[in-house]
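Q: I would like the atomic coordinates for the input below:
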Amino acid sequence: MTRRASAKRRTTSRRGGQQDAQAVLPVAAAAVVITVMVVNWLLAHWWLLLVAAVLGFLGGVWWWQYRARQAELERARARALRYQLTQLDALSHRQFEHAIRDLMHRDGCSNAVQVGGRADLGADVKATDPLGRRWVIQCKHRRSGAQGAPVGTPDLQVLNGTGRPVHKGDVVVLVTNGRITQPGRAFARQQRLHLVDRHVLASWAAGSRPLWELLAALPSPRRPSQLS
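A: You can find the predicted model right below:
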């Protein structure tokens with residue numbers, strides 16, 4: 001009984017395979033016929049292919065020019081970005097981080113990004129300037145501006161502990177629209193941290209000079225540039 005069942009299964013399998021092959025043949029033949037017809041039609045109407053190619057080329061040129069114009073408009077808007085201190089004071093902390101990012105972008109840091117949030121390890125904005133230096137920026141916003149609590153040594157210690165070892169920054173900066181304590185300033189000088197207090201921020205945000213022209217003792221450029 002077992003041998004007969006096995007033979008029956010093999011016979012059934014062969015018949016099924018033959019039927020599948022017979023079903024595929026008409027489909028394959030139809031596909032070949034359709035392909036030949038399409039090729040012949042295209043050969044007879046070759047000028048349509050030429051027109052399509054020309055239109056595609058012109059469309060590509062238009063799209064490239066459109067993108068270039070949009071990019072130039074975006075760069076112009078970025079160059080025109082200005083903030084007054086009263087505007088910065090009115091922002092939330094997260095909006096303040098975005099404003100600092102946008103100012104870095106205005107100055108030529110095309111990869112400026114806001115990264116502040118939970119577990120940011122002391123970095124709110126990161127950017128690379130046109131001279132190849134990596135910037136790590138911690139933002140301290142004070143709703144009351146100069147009347148708010150001053151930034152002290154503990155905040156700078158956090159930035160110092162992560163700015164270079166963790167974030168690999170060449171220029172490690174603390175930016176605030178408020179004040180910085182004298183012990184904090186002394187600590188920053190010792191650890192080669194750069195400070196942007198309310199006075200420096202006002203000049204940077206409302207003017208057109210990049211931040212690296214307002215700060216002293218910056219590290220050397222990483223690569224040659226027309227700015228070097």
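
Q: can you pull the contacts of the residue nearest in space to the middle of the chain?
A: A centroid search over the chain (CA atoms, centre = their mean) returns residue 111, at 5.7 Å, as the residue closest to the centre. By CB atoms under 8 Å, 6 or more residues apart in numbering, residue 111 lies in contact with 127-128. Just so you know, the C-beta spots here come from the backbone N, C-alpha and C atoms, and that holds for glycine as well.

Q: now swap in the one 5 residues further on and tell me
A: Going by CB under 8 Å, 6+ apart, residue 116 touches 94, 97, 123-125, 139.

Q: While we're on the residue nearest to the centre of the chain, how confident is the model there?
A: Residue 111 is assigned 94 on the pLDDT scale.

Q: which SS class is it?
A: Applying DSSP: H, G, I helix; E, B strand; the rest coil to residue 111 yields a three-state assignment of coil.

Q: again with residue 175
A: Of the three states, residue 175 takes strand under three-state DSSP.

Q: tell me which residues form a beta bridge with it?
A: Assessed by DSSP bridges, residue 175 has beta-bridge partners residue 139, residue 196.

Q: wait, isn't it in contact with residue 100?
A: Yes: in this structure, residue 175 is within contact of residue 100 by CB atoms under 8 Å, at 5.6 Å.

Q: Write the ChimeraX selection for whichever of the contacts of residue 116 are buried.
A: Selection of the buried residues among the contacts of residue 116 in ChimeraX, burial being defined by 16 or more other CB atoms under 10 Å:
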select :97,123,124,125,139
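
Q: so of the contacts of residue 116, which ones are in helices?
A: When the contacts of residue 116 are checked against helices using DSSP state H, the ones located there are 94, 97.

Q: Next, count neighbours for residue 84.
A: Other residues near residue 84 come to 11 when the count uses other CB atoms under 10 Å.

Q: Can you lay out the contacts of residue 116 as TSV showing distance to residue 212?
A: As requested, the contacts of residue 116 are exported to TSV (distance: CB to CB, whole Å):
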residue	distance to residue 212
94	25
97	19
123	18
124	18
125	14
139	17
